[in-house]
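J.: 3D, please:
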Amino acid sequence: MKKPSIFFVLYRHLLFHSISCMLLLISIQSFAAGQKGKYYSPQKSTYVEWVRENNKTLLKSTINGVDFFSETGINLDDKDYVFEGKLKMEMLSKSGALPLIYRFSAAKSPVKLEIALLDNAVAFRYTAEIGKGMLVKSEASSFSLPEKSKVYYFERKNHWKLQSYAGTWESCGVEELPRISGSNPVQGPPLVLQLPDKRFAVATEVNLQNYSGLRWNAGTPYRIKANFTEGEKGFMLSTALCTPWRVMFVADNLNELVNQSVVRQLSPAPDKELYSNTDYIVPGKSVWRWFSRGTGNPEEERQFVDYAHQLGFTYSIIDEGYTKWEGDYWQQLRVLADYAYTKSVKLFLWNHSSTISDPSDDYHQMRTWLDKVKAAGMAGVKVDFMNSESKIFIDFDIKLLQECAKRQLVVNFHGCQKPSGEAYTYPNELTREGIRGMELNKMAEGPIPSYHNVLLPFTRLAVGHGDYTPLSFVNPGNTTFAHQLATLVAFNSPMQVIAEDPHVLLNERTVTPALDFIKSVPTTWDETLVLPQTELGKTAVVARRSSNDWFIYALNGTNETRDVRIDLSAIVSDFPRFEASLFVDDLKAEKVKIEMETHRPSPLKQDPVVPFMKIVRAAKSHYDITLAAHGGAVLWIRKIK
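T.: The predicted model follows:
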């Protein structure tokens, strides 16, 4: 074979070198901020560019045709790191990886700005090799809000609003947002916008770790800016700088909103070693004595294990008060866990965060307590009253998830902030509160208004699971029994903690017709479809599938009856092969009030409410349903065996 000439070898070398340089130029570019240059998402429906406005360099994000303008920058140890002048750009994503990530840096600055692009979202964060031991004093991070939008936010007129995120979901015009909460313009994520063209946008954060939780300061009209619990004092980093993602995503309709995958795509995957075995992570329903009767003694808690077994529930929660049991409560817990095991029931154990939050000696308090929890045969822990998203408590949350994973324990957080994708990175988080739930129906602030329940699937629950602790027939507030049943389908929580006393579920004649539904309704879903009858804040009509079964719920958030048509043929093509169980407001029946002398008293007066009726027959093509004021319905479709 003839050897190539020296000229050919040189030519090939020069050609390869030229191509390599071109590829390098594609992946690393330098440009002046404000210079034209767009950076696109995979399908090019979303892009960012740097622009100059009022002598400021802004990041302009165009998400499916909707423009948002952001200031960027961070203050570390009283020094501002901004993105002005000549910036270098690097592409960080591997070929085919999602999201596409671009990294920008200013000359001689150690702080980088990473921008993640999905076809319906833009997210940015700050990273650096420095940071450990430094104070984060503030971020310039912001998003503009389109004029004529409607904003959905949660409200609570006391200090609990941003401590526990347990506010009622409300709405206002975007122009009202700076003053809607009085003198404090700070709002908790997510903020949900209904845009002028009837699409939706969500502003939140993802991957909250090693940092303080983000809130939105809405004090400037048509703009929200990063705000933190620590305020001007700042907070100290314990690792190199890597902030959570500051995220804006757009959904064309409510169906896209509830099925968004942005949070999952921006969340790190679980640690393979820490989660090499996930068999212990089991979704399911739980009984909960505390809500109805208070935590019991060992014999009374044993009765609730029996109830869980009768109902086919997975868990029972032993809440606040067990440490007052006579004798060695750890030994009594072990005996109770052994008994629960014979009934195929797993136990959760409650604790106040203050007893295990000392970070000394690598959280020695926490690790010692968790060792005892595991030795007592518990399956999981419910940890309560963090009441803050300061960095100290975020570090605590993450450490708890990690230490529980080492011991194969699952976690339920209460008294906490919104989710930011923790369940994708730490899948042993089965649920978290950070939501205004059923407890309020036994508090002077309550009861929960029906429109709050109607809004939840499209606001708070659109970004992650929430432990609302649904279902109460004794304390339903102004909602109907069918409305209460519908919340079991509406509210996302892999661990669904049922508030109602199991004795009521098993024995009350106005409730027992729904017992088969309560036992069978799943806590995780394979498919969710928002139906066209949904009107945000007024009516929610949604179909959810688990395996071959469909559960279609309707919730009325208004003070008037509402007629709803459910077109089953558009959901299930072979509907004649299905059986349908319909639970719906019985408008002709006498109103009902269930009184239980054994229950913890409530300061609220409970009026009688509309009961439900149950209709079972072969499925038909469509259903015309009348919902009572504050009412509801559930249509359960099962294949005929």
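
J.: residue nearest the centroid of this structure?
T.: Closest residue to the average C-alpha location of the chain: residue 464 at 1.9 Å, with Cα atoms, centre = their mean.

J.: Phi and psi next, for the closest residue to that residue other than its chain neighbours.
T.: Distances taken as Cβ to Cβ, 6 or more residues apart in numbering place residue 419 nearest to residue 464, at 2.9 Å, with adjacent residues excluded. Yep, even glycine has a C-beta here, placed from its N, CA and C like the rest. Torsion angles at residue 419 (phi, psi; degrees, to the nearest 10) stand at phi -80, psi 150.

J.: same thing with residue 332?
T.: phi -70, psi -40.

J.: Could you do residue 408 as well?
T.: The phi/psi pair for residue 408 (degrees, to the nearest 10) reads phi 60, psi 50.

J.: Who are the contact partners of it?
T.: Residues in contact with residue 408, defined by Cβ atoms under 8 Å, 6 or more residues apart in numbering, are 277, 280, 374, 428.

J.: Including secondary structure, pLDDT and neighbour count, could these go into JSON lines?
T.: JSON lines is the format used below for those (DSSP: H, G, I helix; E, B strand; the rest coil; pLDDT from 0 to 100; neighbours: other Cβ atoms under 10 Å):
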{"residue": "277", "secondary structure": "coil", "pLDDT": "97", "neighbour count": "9"}
{"residue": "280", "secondary structure": "coil", "pLDDT": "98", "neighbour count": "15"}
{"residue": "374", "secondary structure": "helix", "pLDDT": "98", "neighbour count": "16"}
{"residue": "428", "secondary structure": "coil", "pLDDT": "98", "neighbour count": "24"}
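
J.: I'd like to know which of those residues is nearest to residue 548.
T.: Using Cβ to Cβ, residue 280 comes nearest to residue 548 of the contacts of residue 408, at 27.2 Å.

J.: so the closest one sits right up against residue 406, yeah?
T.: No - the pair residue 280 / residue 406 is not scored as a contact, 11.6 Å apart, by Cβ atoms under 8 Å.

J.: how about the helices in the stretch 501-641 of the chain?
T.: Along the stretch 501-641 of the chain, the segments classed as helices by DSSP state H, counting those that start in this stretch run 502-507, 515-520.

J.: And the chain, by the same measure?
T.: 6-27, 161-164, 254-258, 262-266, 289-292, 298-311, 329-342, 360-375, 391-406, 422-425, 450-455, 481-490, 502-507, 515-520 (DSSP state H).

J.: between these, which one is nearest to residue 148?
T.: Here helix 254-258 is closest among the helices of the chain (Cβ to Cβ), at 19.1 Å.

J.: for the closest one, the distance to its chain's centre please.
T.: 14 Å (Cα atoms, centre = their mean, to the nearest Å).

J.: what mean pLDDT would you report for it?
T.: Mean pLDDT, computed over helix 254-258, is 98.

J.: quick one: low-confidence parts of the chain?
T.: 1-36, 95 (pLDDT under 70).

J.: Now do the domain split for it, please.
T.: 23-144+207-247, 437-465+483-491+525-641 (automatic domain parsing).

J.: Please verify my assumption that residue 490 contacts residue 542.
T.: Yes - contact between residue 490 and residue 542 holds when scored by Cβ under 8 Å: they sit 6.8 Å apart.

J.: tell me the contacts of residue 385?
T.: Residues near residue 385 by Cβ under 8 Å, 6+ apart: 352, 353, 354, 414, 415.

J.: again, but for residue 503
T.: By Cβ under 8 Å, 6+ apart, the contact set of residue 503 is 307, 596.

J.: at 7 Å what do you get?
T.: Under the criterion of Cβ atoms under 7 Å, 6 or more residues apart in numbering, residue 503 has no neighbours.

J.: What distance do you get for it to residue 339?
T.: 19 Å (Cβ to Cβ, to the nearest Å).

J.: again with residue 154
T.: Taken as Cβ to Cβ, the span from residue 154 to residue 339 is 40 Å.
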